[in-house]
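**Q** quick one, structure for this:
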Amino acid sequence: MTRRRLPISRILKTVLLLSTNLLAVPALQADTGRQTEALYQQHCASCHATDRLGGMGPALLPENLSRLRQTEAEKVITSGRPATQMPAFGDTLSQASVSALANFIYQPPDVTPGWGEQDILGSHLLPHPRGSLPDEPVYEADMMNLFLVVEIGDHHVTLLDGDTMDPIHRFPSRYALHGGPKYSPDGRYVYFGSRDGWITKYDLYNLKVVAEVRAGINMRNIAVSADGDHVMAANYLPHTLVLFDAANLELMEIIPVKNDTGDSSRVSAVYAAPPRDSFIAALKDIPEAWEITVNEGRAEVRRMQTDTWLDDFFFDPGYEHVIGAARDGKHGYVINLDTGTTVAELPLPGMPHLGSGITWEYRGKRVMATPHFRTGAVSIIDMDNWEVIKTLETEGPGFFMRSHENSPYAWVDVFFGPNKDKVHVIDKQTLEIVKTLQPAPGKVAAHVEFDRYGEKLLLSVWDKDGAVIVYDADTLEEEKRIPMNKPSGKYNVWNKVNYEEGTSH
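**A** Numbering: from 1, shown residues only. Sure thing, here's the model as predicted:
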């Protein structure tokens, strides 16, 4: 059989065509990228800003979208978000355009954005300056037994009466509140921090926003000083700590987070240390912990070298020591805050969530307990000799742990894995699980918070069609369910202001 030979002219034409198409691919991809950016500028920039740093809507950068999967982002673009100003684009954009936009916002920008003094000053909003609103509550309740419930399903906050467990008011929040709200010492004001850097000061007497300011682009959390005079923000982006006057959230100082050689770091978290009249910050990228005091309006930084990078941390009741979680997820380090030296190393098997740790009295000694992100266990530690006295097995990795001085029980959820719908109740004197609850089969049950007296407690069914469940703290019996949209954290004024024994920092 004789093979047919192609003419040389046809071969050359085919090679030329293939070469042309291959050369055109990068240009086509670049053009597609430009088209997607044009779509963003046309449909998204008016709310989220031309540089994706956020405006009326949240920042659309990878760091700020860590709670939202890309597939979920596509659903939001297509269908909008209920009870917000996010419209639906399903009738305007094709599925291909929606997917391209979702992919675009999960890509880092070509130039790392900054957020400096002029940006912070320009973001400052003052709808009701301090002193311009009445000093009496507009409703009747025990103001120290109020709860704030953060509903992440539609970015709202519900105010609950802790005596009746009835909702008082519901109001919109900034996108993706993070790190837990912080109260002023008198309980009148609450400060919220959002993932994309906004700090909101809210008056619980008058149910109004007092002031807002944007401290950064990606923020970890905020802290309020023991005297209520200052607010400090911990940022991932840019690498700063930012100090504000608590009265109206006016900028006082930007503290660049760097070591002696000029290397900069994200801030893992910042907390107030009331007995020390200071703030304590852990750094993400530099093995240091910082203590910051404010003298005559200026921040003074004391830097402590640590044996590792600290991702999370916990304080003993006297704030003499900080217990930090090591990056390897298997160890904890106990640091003396006066000397800055590491005094003990703790074997902690599966990425402890120290920020959710609690303490109580056990057989005449103080112990602390912490759940773990990766292991179904609660570690219980003797705080006198820093030894693990028990590793209590649970039905899966946990996230939150809570108790109260007046309660014989500690509660821990099973947030991760197939048993995420269960919650364990631990007897604080036998160190054994005495009851396992499953309040909503198939739905995440998480985050307990007690009332100020330790008589009632709230538990979240973490679902868009979820609820806050009220339990009797002694009988462990359910009393009522309050429907809510994916309620996450609950925060009792008394417990947070007084650093109640079973409440995490």
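**Q** tell me which stretches of the chain form helices.
**A** 8-43, 45-48, 70-79, 95-105, 117-123, 493-497 (DSSP state H).
**Q** put the alpha carbons of the third one into PDB.
**A** Right, the one you point to is helix 70-79. Taking C-alpha atoms only, helix 70-79 is exported to PDB below (Å, rounded to 0.1, in the frame of the first residue of the first chain):
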ATOM      1  CA  GLN A  70     -14.900  30.000  45.800                       C
ATOM      2  CA  THR A  71     -17.900  27.900  44.800                       C
ATOM      3  CA  GLU A  72     -20.000  29.800  47.500                       C
ATOM      4  CA  ALA A  73     -18.700  33.100  46.100                       C
ATOM      5  CA  GLU A  74     -20.100  32.100  42.700                       C
ATOM      6  CA  LYS A  75     -23.500  31.500  44.400                       C
ATOM      7  CA  VAL A  76     -23.400  34.900  46.000                       C
ATOM      8  CA  ILE A  77     -22.600  36.600  42.700                       C
ATOM      9  CA  THR A  78     -25.400  34.700  41.000                       C
ATOM     10  CA  SER A  79     -28.100  35.000  43.700                       C
END
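**Q** give the buried residues for that helix.
**A** 73-74, 76-78 (16 or more other C-beta atoms under 10 Å). All C-beta atoms are positioned from the backbone trio N, CA, C, and that covers glycine.
**Q** over to the second one?
**A** Of the residues in helix 45-48, those buried by neighbour count under the rule 16+ other C-beta under 10 Å are 45, 48.
**Q** and that helix, average pLDDT?
**A** Per-region confidence: helix 45-48 scores 81 on mean pLDDT.
**Q** CA atoms of that helix as CSV?
**A** Extracted in CSV, the C-alpha atoms of helix 45-48 (Å, rounded to 0.1, in the frame of the first residue of the first chain):
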residue,chain,number,x,y,z
ALA,A,45,-16.2,48.4,41.9
SER,A,46,-18.9,50.8,43.0
CYS,A,47,-19.4,48.8,46.3
HIS,A,48,-16.1,47.0,46.7
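**Q** elements contacting it?
**A** When contacts are defined as 3 or more C-beta pairs under 8 Å, 6 or more residues apart in numbering; DSSP states H and E, helix 45-48 packs onto no helix or strand at all.
**Q** rewinding a little: what is the nearest of the buried residues of helix 70-79 to His169?
**A** Among those, Val76 lies closest to His169 (C-beta to C-beta), at 26.4 Å.
**Q** not counting sequence-adjacent ones, nearest residue to that closest one?
**A** Met86 (6.5 Å; C-beta to C-beta, 6 or more residues apart in numbering).
**Q** hang on, Gly318 packs against Pro275?
**A** Yes - using C-beta atoms under 8 Å, Gly318 is in contact with Pro275, at 6.3 Å.
**Q** mind listing the strands for the stretch 401-505 of the chain?
**A** Here the stretch 401-505 of the chain has its strands, by DSSP state E, counting those that start in this stretch, at 401-402, 409-413, 423-427, 432-437, 445-450, 456-461, 466-472, 478-484, 487-492.
**Q** what lines up beside the first one in the sheet?
**A** Same thing as strand 401-402. Its sheet considered, strand 401-402 pairs with strand 409-413 (antiparallel) by DSSP bridges.
**Q** and the angle for the strand it pairs with with strand 466-472?
**A** Orientation of strand 409-413 against strand 466-472 (axes from the mean of the first three to the mean of the last three C-alpha atoms, to 10 degrees) gives an angle of 160 degrees.
**Q** tell me which helix or strand in this protein has the weakest average pLDDT.
**A** Every helix and strand of the chain was ranked by mean pLDDT, DSSP states H and E. The lowest is helix 8-43, at a mean of 57.
**Q** spatially central residue in the chain, please.
**A** Geometric centre of the chain, nearest residue: His178, 2.8 Å, by C-alpha atoms, centre = their mean.
**Q** for the spatially closest residue to that one that is not a sequence neighbour, give me its contacts.
**A** Spatial nearest neighbour of His178, chain neighbours left out: Arg195 (4.8 Å); criterion: C-beta to C-beta, 6+ apart. Taking C-beta atoms under 8 Å, 6 or more residues apart in numbering, we find Arg195 in contact with 58, 64, 66-67, 175-178, 218-219.
**Q** please flag which of these sit within strands.
**A** 218-219 (DSSP state E).
**Q** for the contacts of Arg195, pick the one with the most neighbours.
**A** Met219 (28 neighbours; other C-beta atoms under 10 Å).
**Q** what's around the closest residue to it other than its chain neighbours, how many residues?
**A** Sequence neighbours aside, Gly197 is the residue nearest to Met219 in space, at 4.4 Å (criterion: C-beta to C-beta, 6+ apart). Neighbour count for Gly197, taken as other C-beta under 10 Å: 29.
**Q** so where's this protein uncertain?
**A** Scanning the chain for pLDDT under 70 picks out the ranges 1-32, 55-56, 63, 66-67, 82-85.
**Q** what's the neighbour count on Lys464?
**A** 13.
**Q** measure the residue lying closest to it once chain neighbours are set aside to Arg363 for me?
**A** What sits nearest to Lys464 in space, not counting adjacent residues and going by C-beta to C-beta, 6+ apart, is Gly153, at 4.6 Å. Using C-beta to C-beta, to the nearest Å, we find Gly153 at a distance of 43 Å from Arg363.
**Q** what do you get for Ser504?
**A** Ser504 is 23 Å from Arg363, by C-beta to C-beta.
**Q** the two: who's more crowded?
**A** Shown here are Ser504 and Arg363; by other C-beta under 10 Å, Ser504 has more neighbours (21 against 9).
**Q** what residues are up against that one?
**A** Residues near Ser504 by C-beta under 8 Å, 6+ apart: 314, 355-358, 400-402.
**Q** over to Leu126?
**A** 210-211, 248.
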